[in-house]
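S.K.: Quick one: sequence and predicted model below, then my questions.
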Amino acid sequence: MRLAEERGVPQGERALQSRTRKLPDWDAARVFLEVVRHKSFRAAAETLGQSVNALRRHVDALEHSLGVTLLTRHVDGVRTTLEGEHVLTAAVQMELASFELLRARDRTDPSLHGEIRLAITEGLGTFWIAPRLVEFQRAYPNLLVDLHCAMRSADVLRMEADLAIQIARPTAPDLIVMKLGRMHLMPFAAPDYLATFGRPRAVQDLVNHRILIQADDNAQWRQLYDRLFPGIPAPGLVALRTNVSSAHYWSVAKGAGLGILPTYAQAIGAQIVPLDLGIHETLDIWLAYHPDSRRVERVSRIIDWVIEAFSPQKYPWFRDEFVHPRDLAKAYRGEPLVNMFAGFMGGALAPQR
């Protein structure tokens, strides 16, 4: 029995329609890509915001439409079959083509309306960029800035963001990458903590203090702990370990212990004391964006704004050379930062009478 839409249609067109109906669904291919990238249905489901069963149905449908088995399940996750590897290569090309469609759309609309997606590390986003974005928003009130702060770097090539600011240098060859500046870090403590527990005078004194650690996937921090406290287990020495900069910042500022913070922490209003113990770490700050982004006017504007926001010439704490926190006020020649960052150290509520 022929389908209704084929009745009265020439044989050649019916064949073309038949082949078209069998084209794989892009949503299913996208799900397949994410499952392979995460090596797990469960992890891919968390990323995509769908149930595991929904993802399994997509992959099953893709396998049925192509007539091949793409994945095999194992106790440690999923693996692609030989046929799955070939389909994976094609699916990646489909994804890249879909991104090009979106970039082509953006290039046809040069107006300063729309959305800009800026991905940045959690600490820099919370304590440096977010308070300054009011400048950009007032200059471009019709733009929506989607500020995504996370410890994981965004994939600009896959259009997770229009531009990304990160502390690990991007390695993708098709990106525009530039160094924005250098972040200098050293130990700090709150005055209340030092009044209670005393001030350490040397690294050896730290074993008698409460240590706060920001722990993430950066091997530099694990190596620093091992260098400072060789053979000493964390329990009994480390009072708090957190994976985000904001929690670490507030723990130090509220007197929970000693912690390593960027030297600009004082410049933006933190009431903390730098500790000269010979501990000085650096992290370079990188900007990455797709070459076509400069052709989209709204994205080009925020790229220029970001470069200015991290200018080492204007902000001495982003210079390659170390400037001690006590000397930052003399080296800085810009507008009063206390006004820009007012609210970070907000005053206590007055009691009601």
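M.R.: Structure received. Numbering: from 1, shown residues only.

S.K.: any idea how far residue 53 is from residue 60?
M.R.: 10 Å (CB to CB, to the nearest Å). All C-beta spots, glycine's among them, are computed from the backbone N, C-alpha and C.

S.K.: I meant residue 261, not that one.
M.R.: Taking CB to CB, one finds residue 261 at 50 Å from residue 60.

S.K.: burial count for the residue nearest to residue 69 when sequence neighbours are not counted?
M.R.: Of all residues not flanking residue 69 in the chain, residue 81 sits nearest, at 5.4 Å (CB to CB, 6 or more residues apart in numbering). Residue 81 has 15 neighbouring residues, counting by other CB atoms under 10 Å.

S.K.: Next: the one 10 residues further on.
M.R.: Residue 91 has 22 neighbours, counted by other CB under 10 Å.

S.K.: Surely it is in a strand?
M.R.: No: counting by DSSP: H, G, I helix; E, B strand; the rest coil, residue 91 falls outside a strand, being helix.

S.K.: can you tell me the helix or strand for the residue nearest to it when sequence neighbours are not counted?
M.R.: Leaving aside its chain neighbours, residue 91 sits nearest to residue 29 (4.5 Å; criterion: CB to CB, 6+ apart). Per DSSP states H and E: residue 29 is located in helix 26-38.

S.K.: so residue 263 sits right up against residue 187, yeah?
M.R.: No: the pair residue 263 / residue 187 is not scored as a contact, 10.9 Å apart, by CB atoms under 8 Å.

S.K.: Look at the two and report which has more neighbours.
M.R.: Neighbour tally, residue 263 and residue 187, criterion other CB under 10 Å: the higher count belongs to residue 187, 26 against 23.

S.K.: Run through the residues that contact the more buried one.
M.R.: Counting by CB atoms under 8 Å, 6 or more residues apart in numbering, residue 187 touches 258, 259, 260, 274, 275, 277, 279.

S.K.: coming back round to it: and the residue nearest to residue 91, how many neighbours?
M.R.: Neighbour tally, residue 29, other CB under 10 Å: 22.

S.K.: Tell me if I'm right that residue 277 and residue 209 touch.
M.R.: No: if you go by CB under 8 Å, residue 277 and residue 209 don't touch, sitting 10.7 Å apart.

S.K.: got the contact list for residue 314?
M.R.: Here residue 314 is in contact with 308, 332, 333, 334 (CB under 8 Å, 6+ apart).

S.K.: Now do it against residue 169, distance only.
M.R.: 23 Å.

S.K.: Residue 235 now?
M.R.: For residue 235, the distance to residue 169 - CB to CB - is 34 Å.

S.K.: Residue 137 now?
M.R.: Separation of residue 137 from residue 169 (CB to CB): 29 Å.

S.K.: Between residue 261 and residue 60, tell me which one has more neighbours.
M.R.: residue 261 (25 against 13).

S.K.: Give the closest residue to the more buried one in space, chain neighbours not counted.
M.R.: Nearest to residue 261 is residue 188, by CB to CB, 6+ apart, at 4.8 Å.

S.K.: per-residue confidence at that neighbour?
M.R.: The per-residue pLDDT reported for residue 188 equals 96.

S.K.: tell me which element it falls in.
M.R.: For residue 188, the host element (DSSP H and E) is strand 176-189.

S.K.: Walk me through which strands the host helix or strand of residue 119 pairs with, and which way each runs.
M.R.: Assigned by DSSP H and E, residue 119 falls within strand 114-120. Partners of strand 114-120 in the sheet, by DSSP bridges, are strand 143-149 (parallel), strand 163-166 (parallel).

S.K.: Show me how far that strand is from its chain's centre.
M.R.: 12 Å (CA atoms, centre = their mean, to the nearest Å).

S.K.: I appreciate the help and will end here.
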